[in-house]
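K.L.:
Structure, please.
(chains A and B)
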Amino acid sequence: MSLTVAVGELTRVLPWSLRALGYPFGTADRASHLIALAAALDPFVLDRVAVTSPRPETGMAYEQGPEGLVYQAAGCSLLEVGPAVMDYLAAHADGAGFATARVVGAGDMELLSAVLVTGANYGLTVIALSPGGSGWIAATPKDGQAVIYSGGNRDHIVAQVRDRIPDDVSKLAAESSDLVFLAFSGSPDIAFNSSGVQAAQALAAAHANGVPVSPETLKALYDLETITWAPSSERSRAQAGFVPKTVTA
Amino acid sequence: MPNVVTEPALPAFLWDRLTEAAGGEEAAAEVRALMRPASELMRVETLKCFKASRLSFADMFCARMIGNRWQIRLVSGDVDDDGAGKFVYEIDAEGHRMTYIARAYPWDGVEKVGRRADGAMRDMFGALFVKAADAARIEREFATFDVKAEGDMRTTADVIGWTPANRSSRHFDAVVEALSAGRQPDEDLGYLMRNGGFQASGRNGSVSFLGIPADHPLSHPFFADMFAIYLVRVFSIDLANAVARRRSPTAAQLDPAIARGLGIGNSSGQGMCVALQRWPHWVATWVLVRETALAFAKSRRVTGQACKEMQNAIAKTVEIYQSSDPQVEDYVVSNDQIVANLTAISAWIEETDAGTWAEIAARVAAEYDGETREQFHSLLLDLVPEFCDGVKPWFHMGASRQRSFDPVMTVGELRGLLRRNYAWALETDRTLASSHQHFWYHSADNGEQRRGERIVDPHEQFESFIDHVGLIQRLASVLTAYDDADRAGDVALDHPDLHFAMSRVQYLDGLPYAEIRDSIAHRDFLPSDLIRFFLASLGIRGATPLSIRYVRGTFFQTQPLPGDFLNAAPADATVDAPEKEVQL
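P.N.:
Below you'll find the predicted structure:
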């Protein structure tokens, strides 16, 4: 019998595991859903999350310039940076029809597909150009559901959107070795030339069947959670409030 | 800041049911006006008084199980001399076959209440499967139970959940001794086993709630929980009979009339307060359905027949209060007082010349305490059973609402939501530490939820979310640094942790009764108050606090046994019909 972890279990345990790594409650809670989706798309993600680094306390910075948002992640995980950038892109693509962001030095790139689904669920088509490589991943809304595409030819995908984006962004998209997001309102006509993955279907399957996980990874996630548990003591046990003497049953 | 008193419109589904039942929109609007404002209803002082009713989950579940004549068959169940054994049940429910298994362990002499801190040390473990399980799968699950080590026990998504439970040694032994001696027990015992906390919704690898097929009868909120506890009740009776048989070949078997009076004991702790804060749309759903049905009942004319029905309902309720032993009544109106009040109300009804039930309810509210008032309200629902059946689907529909975030919303609009829906939170004075003195935390004792004091107790940095007033005030404070035209997405970029606060404010907008309007972190808040509200919503009658942090009660006492279902009236086919669901 292979070991599985439930989606409901991930969204219950991971907020605590991530808080143990220094992520604030609101960030960790949101990230637990992001990771659960990412694991539904690719269970290997959990192995990475189980060994992810603590949240850096300093170094993160960002600025908005002519080429859009530039986010220096300083090693902070995509579990925090990714959704925040999607929020920014949704806020700024509205009206303009397009927004872009460049992220430098983010960790846990395995979460990228799920991050893009966040954007697609806002009604955006978001293309992520992989850092240091020629690949790309995109998510787009289709019939109200996010569909994920990926490919290995960055030039092909950039060429299709070149006339919809400013020249300096086009140049950045073609040449940058950082993680670059191109976000478009709605579902522009882009030939992704790959079979798409329905995020909602993957998540539904994970809800019904669980997500395969190794015993070591599952233990690591739970071990992180227990860091947030306060040591027991006589005072603590009294704070549970149970009063045995009144139970005569 | 002016208080905004306009109440949100009812969701379309409920408005449509109300319009149909009341006979038009004008009449429906008059009923809507009878619904209490959130400023009154969503106070802890009111919620703590709620009583179980036909719109509680246990009652709704039983109505469905009995009405649809679910079949629960004991396939095998043997015990050893020490009382250990394995039981297998087969269930047919509305075209779905399920398996339930139960593993009883030898009695170790340790009375256990069912706390999370007990870990794997329980007197029994059961597993409810999504479908029928074959023999090999059943044996694997039994082997898992026998590991008896928290953290090492894992199941898979073909299991809905586990039912740990513990014997009430005094009750259980009394029943077994009597049966072994060939006679029925003398005492009115209440229950044989205590619920140890249904471990489901993904716990231990069980199927996530959203993974239960939509057409499955347990895909309804809390129906799996209720069925699991009901099955423990069935098992507790079968186990007592089996142990008695093992002890003596001439043992008697428990008289169904006595067995029917046995429920499942339950003690609930402070974790329930955290759940209510985490899932505010659940609270909104429960309160909204009840208040809508209550307003409709209040709008009905007082007739001779309805008076008789109410008096009969009061008489039955008085019996329940008189037969229960609350042990502690420090934090509640005493049973004797409620009985006296209900008896007086019954006498009024005998002579009333009131036009509508709203007039009688107003008199009850004016003359008696909140607990009597809410008990009377719960009984009023019995006067409009068809309307209750009509609005019940909203329990499923309302609970399926998803927290979502709109990053495009302007800060000005966000501020508007705060002004409209959270004036009560923004006006809360937080200058004194007592206003947020407590925090909830998980303890190293298997993660049990406990309540500590800030500064004094450790691990405040890992507190469970409970302080919604603080959350809203922080959001409002941060928003002052932004222009009205800025977007929520800009705020989330600067403060990723505030996504939780902003999405909460956004997704609850437009829901009547969305938030509990008191500080749960306040020094003077009693956790038992909201535990009682939760338990009343689940369907426990006579829940009484053992302390300010623990509340006890009994599930399913006097409810039919599986053998009774064969003679049940057919269920209302409209109940929970999936086609009535709407996209939220």
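K.L.:
Show me the strands in the stretch 451-584 of chain B, by range?
P.N.:
B:541-545, B:551-555 (DSSP state E, counting those that start in this stretch).
K.L.:
Out of the ones you listed, point me to the one whose mean pLDDT is lowest.
P.N.:
Within the strands of the stretch 451-584 of chain B, confidence is poorest for strand B:541-545, with a mean of 85 (mean pLDDT).
K.L.:
Check which helices and strands that one sits against.
P.N.:
helix B:304-323, helix B:527-538, strand B:551-555 (3 or more CB pairs under 8 Å, 6 or more residues apart in numbering or on different chains; DSSP states H and E). To be clear about C-beta, it is placed using only N, CA and C from the backbone, and glycine gets the same treatment.
K.L.:
May I see the ones you listed organised as TSV, with distance to chain A and mean neighbour count added?
P.N.:
Shown next, in TSV, are those (distance: least, CB to the nearest CB, whole Å; neighbours: other CB atoms under 10 Å in any protein chain shown):
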stretch	distance to chain A	mean neighbour count
helix B:304-323	15	15
helix B:527-538	7	25
strand B:551-555	8	25
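K.L.:
Give the burial count for the residue of chain A found nearest chain B, as a bare number.
P.N.:
Taking CB to the nearest CB, chain B has its nearest neighbour within chain A at A:Gly241, 2.2 Å off. Close neighbours of A:Gly241, defined as other CB atoms under 10 Å in any protein chain shown, add up to 21.
K.L.:
domain ranges for chain B?
P.N.:
Structural domains assigned to chain B are B:66-273, B:411-508, following automatic domain parsing.
K.L.:
Tell me which of the ones you listed lies nearest to A:Asp178.
P.N.:
Among these, domain B:411-508 comes nearest to A:Asp178, with 17.4 Å by CB to CB.
K.L.:
now the closest one, how far from the centre of its chain.
P.N.:
Here domain B:411-508 is found 26 Å from its chain centre; the criterion is CA atoms, centre = their mean, to the nearest Å.
K.L.:
what about it, how long is it end to end?
P.N.:
17 Å (CA to CA, to the nearest Å).
K.L.:
circling back: same list (the helices and strands packed on strand B:541-545) but as CSV, adding distance to B:Glu371.
P.N.:
Formatted as CSV, these follow (distance: least, CB to CB, whole Å):
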stretch, distance to B:Glu371
helix B:304-323, 11
helix B:527-538, 10
strand B:551-555, 14
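K.L.:
quick one, which of those is nearest to A:Gly151?
P.N.:
Closest among these, once you apply CB to CB, is helix B:527-538, at 50.3 Å.
K.L.:
picking up where we left off before, wouldn't the residue of chain A closest to chain B be in contact with B:Val551 here?
P.N.:
No. Look at A:Gly241 against B:Val551 with CB atoms under 8 Å: they stay out of range, at 9.7 Å.
K.L.:
Which residue would be the closest one in chain B to chain A?
P.N.:
Nearest residue of chain B to chain A: B:Arg549, at 2.2 Å (CB to the nearest CB).
K.L.:
Now do the phi/psi pair for that residue.
P.N.:
phi -120, psi -10 (degrees, to the nearest 10).
K.L.:
nearest spatial neighbour of it, skipping sequence neighbours?
P.N.:
A:Gly241 (2.2 Å; CB to CB, 6 or more residues apart in numbering or on different chains).
K.L.:
that older thread, and the pLDDT for the residue of chain A closest to chain B?
P.N.:
At A:Gly241, the model reports a pLDDT of 71.
K.L.:
distance of it from B:Gly269?
P.N.:
6 Å (CB to CB, to the nearest Å).
K.L.:
Which parts of chain B are strands?
P.N.:
B:71-79, B:85-93, B:96-104, B:124-129, B:159-162, B:165-167, B:191-195, B:199-200, B:263-268, B:438-442, B:449-453, B:541-545, B:551-555 (DSSP state E).
K.L.:
Any idea which of those has the lowest pLDDT on average?
P.N.:
strand B:541-545 (a mean of 85).
K.L.:
what does that one contact?
P.N.:
Here strand B:541-545 makes contact (CB atoms under 8 Å, 6 or more residues apart in numbering or on different chains) with B:51-52, B:320-321, B:324, B:326-332, B:335, B:526, B:528, B:531-532, B:535-536, B:551-554, B:557.
K.L.:
Give me the distance between stretch A:207-223 and the centre of its chain.
P.N.:
18 Å.
K.L.:
Do me a favour and get the end-to-end distance for it?
P.N.:
Using CA to CA, the distance between the terminal residues of stretch A:207-223 is 23 Å.
K.L.:
Give me the buried positions along that stretch.
P.N.:
A:His207, A:Ala208, A:Asn209, A:Gly210, A:Val211, A:Val213, A:Ser214, A:Thr217, A:Leu218, A:Ala220, A:Leu221, A:Tyr222 (16 or more other CB atoms under 10 Å in any protein chain shown).
K.L.:
I'd like to check the angle between the longest helix that chain B contains and strand B:551-555, please.
P.N.:
Criterion DSSP state H: the longest helix present in chain B is helix B:223-247. If you take axes from the mean of the first three to the mean of the last three CA atoms, to 10 degrees, helix B:223-247 sits at 70 degrees to strand B:551-555.
K.L.:
what angle sits between helix B:223-247 and strand B:96-104?
P.N.:
Using the same axes, to 10 degrees: helix B:223-247 against strand B:96-104 is 50 degrees.
K.L.:
So helix B:223-247, near chain A or not?
P.N.:
No. Helix B:223-247 does not reach chain A (CB under 8 Å from any CB of the partner chain); its nearest approach is 12.2 Å.
K.L.:
what's the offset of that helix from the middle of its chain?
P.N.:
21 Å.
K.L.:
between it and strand B:85-93, how many degrees?
P.N.:
140 degrees.
K.L.:
where exactly do the strands run in chain A?
P.N.:
A:4-5, A:61-65, A:68-72, A:98-104, A:124-129, A:136-142, A:145-151, A:179-185, A:197-198, A:211-212.
K.L.:
what's the closest of the ones you listed to B:Gly109?
P.N.:
Per CB to CB, nearest to B:Gly109 of the strands of chain A: strand A:4-5, 36.0 Å.
K.L.:
quick one, what contacts A:Ala101?
P.N.:
Each residue near A:Ala101 by CB under 8 Å, 6+ apart is listed here: A:Gly68, A:Leu69, A:Val70, A:Tyr71, A:Val85, A:Tyr88, A:Leu89, A:Val180, A:Phe181, A:Ala183.
K.L.:
ditto for B:Phe500
P.N.:
Counted by CB under 8 Å, 6+ apart, B:Phe500 has contacts A:Phe25, A:Gly26, A:Asp29, A:Arg30, B:Phe465, B:Leu471.
K.L.:
Could you work out the most separated pair of the residues you listed?
P.N.:
Farthest apart among the contacts of B:Phe500 by CB to CB are A:Arg30 and B:Leu471. That separation is 14.1 Å.
K.L.:
Just the local confidence number for the residue nearest to B:His495 when sequence neighbours are not counted, please.
P.N.:
Excluding its sequence neighbours, the residue lying closest to B:His495 (CB to CB, 6+ apart) is B:Val478, at 6.0 Å. For B:Val478, the pLDDT comes out at 98.
K.L.:
can you give me the angle the one helix or strand in chain B whose mean pLDDT sits lowest makes with helix B:304-323?
P.N.:
Across the helices and strands of chain B, mean confidence by mean pLDDT, DSSP states H and E is lowest for strand B:541-545: a mean of 85. For strand B:541-545 against helix B:304-323, the angle by the same axes, to 10 degrees is 40 degrees.
K.L.:
Partner strands of strand B:541-545, with direction?
P.N.:
Strand B:541-545 sits in its sheet next to strand B:551-555 (antiparallel), going by DSSP bridges.
K.L.:
All the helices of chain A, in order from the start?
P.N.:
A:7-20, A:25-41, A:44-49, A:78-96, A:112-121, A:154-161, A:167-175, A:199-209, A:215-227, A:234-238.
K.L.:
Within range of chain A, give me the residues from the stretch 401-550 of chain B.
P.N.:
Residues of the stretch 401-550 of chain B lying near chain A (CB under 8 Å from any CB): B:405, B:407-408, B:441-445, B:447-448, B:450-452, B:457-459, B:462, B:465, B:487-490, B:492-493, B:496-501, B:527, B:546-550.
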